[in-house]
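Q: please find the sequence and the predicted model below.
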Amino acid sequence: MFRIKKLDIFIAKQFGMLFVGTFFICQFVLMMQFLWRYVDELIGKGLSMEVLAQFFWYMSLMLVPQALPLAILLSSLITFGNLGESSELTAIKAAGISLMQAFRSLIAITLVISGVSFYFQNVVGPNANMQFAQLLMSMKQKSPELEIPEGVFYDGIPNCNLYVQKKNVETGKLYGIMIYRMTNSFEDAAIILADSGMLQSTAEKKHLVLTLHSGEWFENMKSSDVTGSANVPYRRETFTSKRIVLDFDNDFNLADASSLSNNAKAKSLSQIFHDMDSIRADYDSIGRSFYCDAMMLQFGMKPISRKDSLQAQKLVAEGKVDAAKSFEKLPADKKLEIVNRAISTVQNNVGDLEFKAMVTKDGDKLLRQHSIEAINKFTLALSCLIFFFIGAPLGAIIRKGGLGVPVIISVLVFIVYYIFDNTGYRMARGGMWAVWFGKSIAVAVLTPLAVFFTYKANCDSVVFNVDAYRNLLMKILGMRVKRSISRKDVIIEDPDYRKDADEARWLAAEAKEYSMAHKLKTPPNFINVFFKYQPDHAVEEIGERMEMMISDLSNSRDRMVINLINEYPMIMVKAHTRPFERKWMNVVAAVIVPVGLFFYFRMWRFRLRLMRDLVQIEDVSGKLANRLDEINKN
């Protein structure tokens, strides 16, 4: 029976506090990234604080499902990183509690968060998306805030170009004003010049009142009495003060949302399925109509009897009907007429098909968008669970808390997820990939990672042990490792110098004999290496006895002995014979040409290195035997 324990409550509290903080951080980062896409729609429009508050509120509601997986990843990573860094995770395992038992409270919380994510996308998100889209469309239609620059023509006022030589920012007064007013055409444009003036908005923010002082008005008057394009002379007016009313809607009006009815993001799951059925029904009827038109156009001729049809087939089979020969017998003008008629028919059919494809393409795009949003509601909720099984095991493996390493790992994992998800979305939206494949590729890539990290953390595996990877790389590349034996301060048992001297002489003799018996300079036989392997027990014995002697002499108090045993090379007793222990792996490596060549030349390199190592063993063993004989005499 599932019982809540103190450990579950403790881990849940640690996770809960971090989750709340990381959620708001992730929400803020996503909002800032999202805001850059629409910054041009906000700047310079003179929007009120109420409108901006609605914009940010609906934006935050839309981004909640995207912030939840990232917050779970980061908070679970930090939670178990802190537990590992403070050795609390070690104490939990020492008490006989497995890692999966420590996970169980957070698994339950993550499942609840996944449900909340799905609820948000299915209930809250569609309404927020619709309101946000309506608000954004209204912002785009709003006139910009009136900001008259100096020295350039300003065209922000409809049907009017305004030039101001200088303006007083404190009083709002304009100097050196020139206005080009456009009405119906350039022929009846009005030009207004004024020494000074002031521009103000009306109370309802629907018009602008331009008060001008000491100026002139020039206008090309078009007479309605005169037919054609005849014009009366210019009208010129001199004024000391004049008021002009200009149309300029500076108020914020909410646009009609009827044009957003096809927005799939603004629909719940039931609405998406209902609208997809409606779209399919509509475009199926269009397709049937196109099919009937094609049948009438291509096969609308009078049907022939079965007897005539069989007779025609018989004539064709006997070769008595040849369209090419019949065409060649026609006169030149008749041939030209037939060719032109065929080209015209093909062009008409191609144009008709392109138009019909354009009509049906919109329906396909709508269906893909609705399918993408339907699948997206499930994949985003599922990603919360996947990110937990990536973050929590990684925290238990790396055992680093705080906002250093966890943040870096979280960002890298989220970047991988974002790249695959965004690529899949674009390919599915464009129709290059199937919708289910495009929207599930990110989840399919991260799920094996989650399983792998959970398995490794449960087995106490050191996935991120740098030394293990470094040693593996050095082993693959055949890089040397030098001995570093130092003299011990406390020695319990002294070495047997007489026996070790005999071992040193034996090593020197065996190394010399092996070098003379084996031609290590020559390349190895490819067939014997990969297909007919035979073990080299002689080198194995040399390596084993050398290590035993070194282990015994490491207890020596003599500095010269310690220095000499440090000069012995670390020999790899099997690397010069075969690439792998298992025979089938050697066969596979030989079949794969690049891999086989790499291991073949690697083996040759180890043979050359073994030759040098044997020379060094012979030299060092001779010196060591002489030194041990001196110690035995003393």
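A: Alright, I've got the coordinates. This structure is a prediction, so every number in the text was calculated from the model and none was measured. Residues are numbered from 1 along each chain as shown.
Q: ok, now how distant is Pro393 from Phe387?
A: As judged by Cβ to Cβ, to the nearest Å, Pro393 and Phe387 stand 11 Å apart. From N, CA and C alone the C-beta is placed, and that goes for glycine too.
Q: which residues do these two both contact?
A: Overlap of the contact sets of Pro393 and Phe387 (by Cβ atoms under 8 Å, 6 or more residues apart in numbering) consists of Ala450.
Q: name the next helix or strand downstream of the longest helix seen in the chain, please.
A: Longest helix in the chain by number of residues (criterion: DSSP state H): helix 332-398. Heading C-terminal from helix 332-398, the first helix or strand you meet, by DSSP states H and E, is helix 405-430.
Q: distance from the very next helix or strand once past that next one to the middle of the chain?
A: Proceeding N to C from helix 405-430, the next assigned helix or strand is helix 435-458, under DSSP H and E. In this view, helix 435-458 has its centroid 14 Å away from the chain centroid, taken as Cα atoms, centre = their mean, to the nearest Å.
Q: tell me what angle helix 435-458 forms with helix 332-398.
A: Taking axes from the mean of the first three to the mean of the last three Cα atoms, to 10 degrees, one finds helix 435-458 and helix 332-398 inclined to each other by 20 degrees.
Q: show me where the stretch 451-600 of the chain has helices.
A: Listed in chain order, the helices of the stretch 451-600 of the chain (DSSP state H, counting those that start in this stretch) span residues 466-477, 497-517, 526-530, 537-553, 559-566, 583-591, 593-633.
Q: wasn't Arg236 part of a helix?
A: No. According to DSSP: H, G, I helix; E, B strand; the rest coil, the state of Arg236 is strand, so it is not within a helix.
Q: bridging residues for the nearest residue to it once chain neighbours are set aside?
A: The spatial neighbour of Arg236 that comes closest, neighbours along the chain excluded (Cβ to Cβ, 6 or more residues apart in numbering), is Phe218 at 5.7 Å. On the basis of DSSP bridges, Phe218 is bridged to Ile191, Arg236.
Q: Phe218 reaches Arg181, doesn't it?
A: No. Assessed by Cβ atoms under 8 Å, Phe218 is found out of contact with Arg181, at 10.4 Å.
Q: can you classify Ile4 by secondary structure?
A: Assigned state for Ile4: coil (three-state reduction, three-state DSSP).
Q: correction: Tyr163
A: Reducing the assignment at Tyr163 to three states with three-state DSSP gives strand.
Q: following the chain past the strand or helix carrying Thr240, name the next helix or strand.
A: Taking DSSP H and E as the criterion, the element that holds Thr240 is strand 234-247. Using DSSP H and E, the helix or strand that directly follows strand 234-247 along the chain is helix 269-298.
Q: show me which positions of that next one end up buried.
A: Within helix 269-298, the residues scored as buried using 16 or more other Cβ atoms under 10 Å are 269, 272, 275-276, 279, 283, 290.
Q: the inter-axis angle of that helix versus helix 332-398?
A: Regarding helix 269-298 and helix 332-398, their directions subtend 160 degrees when assessed with the same axes, to 10 degrees.
Q: what mean pLDDT does helix 269-298 have?
A: Over the span of helix 269-298, the pLDDT mean works out to 81.
Q: just checking, what packs against it?
A: Using 3 or more Cβ pairs under 8 Å, 6 or more residues apart in numbering; DSSP states H and E as the contact criterion, the secondary-structure elements in contact with helix 269-298 are helix 332-398.
Q: report all helices and strands that the helix it packs on contacts.
A: Based on contacts counted as 3+ Cβ pairs under 8 Å, 6+ apart, the elements that helix 332-398 packs against are helix 49-85, helix 99-119, helix 269-298, helix 405-430, helix 435-458.
Q: okay, angle between that helix and helix 49-85 too, please.
A: Going by the same axes, to 10 degrees, helix 332-398 makes 50 degrees with helix 49-85.
Q: now helix 332-398, how far from the centre of its chain.
A: 21 Å.
Q: which residues touch stretch 606-614?
A: By Cβ under 8 Å, 6+ apart, the surrounding residues in contact with stretch 606-614 are 478, 511-512, 514-515, 520-521, 524, 539, 569, 571-572, 575-576.
Q: those residues: which two are farthest apart?
A: Gly478 and Lys512 (24.0 Å; Cβ to Cβ).
Q: those two: who's more crowded?
A: Neighbours were counted for Gly478 and for Lys512 using other Cβ atoms under 10 Å; Lys512 has more, 16 against 13.
Q: how about the helices and strands packed on helix 332-398 in JSON lines, adding distance to Val591?
A: Formatted as JSON lines, the entries for these read as follows, by distance: least, Cβ to Cβ, whole Å:
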{"stretch": "helix 49-85", "distance to Val591": "42"}
{"stretch": "helix 99-119", "distance to Val591": "41"}
{"stretch": "helix 269-298", "distance to Val591": "50"}
{"stretch": "helix 405-430", "distance to Val591": "33"}
{"stretch": "helix 435-458", "distance to Val591": "27"}
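Q: lowest-confidence stretch among these?
A: Across those, helix 269-298 gives the lowest mean pLDDT, at a mean of 81.
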